[in-house]
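> Sequence first, then the predicted structure, then my questions.
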Amino acid sequence: MEAPNAVLVMGVSGSGKSTVGALLASELGWKFYDADDYHPEENRMKMQKGIPLNDEDRIPWLCKLHDVLRRDVASGQHVVLACSALKKVYRDILIQGKDDAPLKCDDSGKEEKPVEVKLLVVHLTGSFDIISGRLLRRKDHFMPPELLQSQFDTLETPSAPESFIQINVDKNLSEIIATIMETLK
Ligand SMILES: Nc1ncnc2c1ncn2[C@@H]1O[C@H](COP(=O)(O)OP(=O)(O)O)[C@@H](O)[C@H]1O
Ligand SMILES: O=C(O)[C@H](O)[C@@H](O)[C@H](O)[C@H](O)COP(=O)(O)O
């Protein structure tokens, strides 16, 4: 794969996406987005009530995130996105959007070079016990720990041809960041 212009830090709730994503972005000097900030109020309320999101809830949210990535990448801005992105189809939407956008033509009729989100996926993996322990200790967050099992049930681990690495969350933060930085070299 060519050098990525975006890193997705993904995993179940409580795997460390926001923490790792923010640190990584600051280390790289790239822009950071937390997908949680883009959930519509209905999604947040649903999760708060202990009801897992479904495809219908997530797809418009992922499309919005794709637009954010695409806009930045088009302007030469590299980005780090912390997002659950639990299924392969969700990660595909982040890269391509939902409906392949037609190639645009400039005034001379020449096709514009399509904007390509070149994504490195960093999957934070860990046991249910470690992650639920962290969720139970985490304060002031809308996501109830009871939803963790549904997150594991939904999770589709990345696999080829996706460009990805997996890092166990039992590592400390500096080890996790060092592994990602090494991969990006
Ligand atoms: N590698 C790590 N080691 C120890 N604690 C961590 C690690 N990564 C995250 N945490 C802690 O675990 C909790 C969940 O992390 P968070 O970034 O909120 O996860 P997510 O965004 O995936 O829900 C937070 O309290 C965070 O400080
Ligand atoms: O796709 C989803 O079901 C949500 O995105 C979910 O995975 C996410 O975990 C929540 O938004 C809570 O946020 P935290 O991941 O920060 O707990």
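Arrived safely. In this text, all values refer to a predicted model and were calculated from it rather than measured experimentally. Numbering: from 1, shown residues only. Ligands and ions are numbered 1, 2, ... in the order given.
> in terms of contact, does Trp30 touch Val79 like I think?
Yes. Using Cβ atoms under 8 Å, Trp30 is in contact with Val79, at 5.7 Å. (Glycine included, C-beta is placed from N, CA and C.)
> Between these two, tell me which one has more neighbours.
For Trp30 and Val79, the more surrounded residue by other Cβ atoms under 10 Å is Val79, and the numbers stand at 23 against 18.
> what residues are shared contacts of Trp30 and Val79?
Between them, Trp30 and Val79 share these contacting residues under Cβ atoms under 8 Å, 6 or more residues apart in numbering: Val7.
> buried residues in the longest helix anywhere in the chain?
Among all segments of the chain classified by DSSP state H, the helix with the greatest residue count is helix 55-74. Buried residues in helix 55-74, counting neighbours by 16 or more other Cβ atoms under 10 Å, are found at Asp57, Arg58, Trp61, Leu62, Leu65, His66, Val68, Leu69, Arg70, Asp72, Val73.
> I'd like the distance from the residue in the chain positioned nearest to ligand 1 to Gly126, if you could.
Of all residues in the chain, the one sitting closest to ligand 1 is Gly16 (3.0 Å; Cβ to the nearest ligand atom). Counting by Cβ to Cβ, to the nearest Å, the gap between Gly16 and Gly126 amounts to 8 Å.
> Are there residues contacting both of the two? Which ones?
With Cβ under 8 Å, 6+ apart applied, the overlap between the contact sets of Gly16 and Gly126 consists of Val169.
> Where do the helices of the chain begin and end?
Under the criterion DSSP H, helices of the chain are mapped to 17-28, 41-48, 55-74, 88-96, 128-137, 148-154, 173-184.
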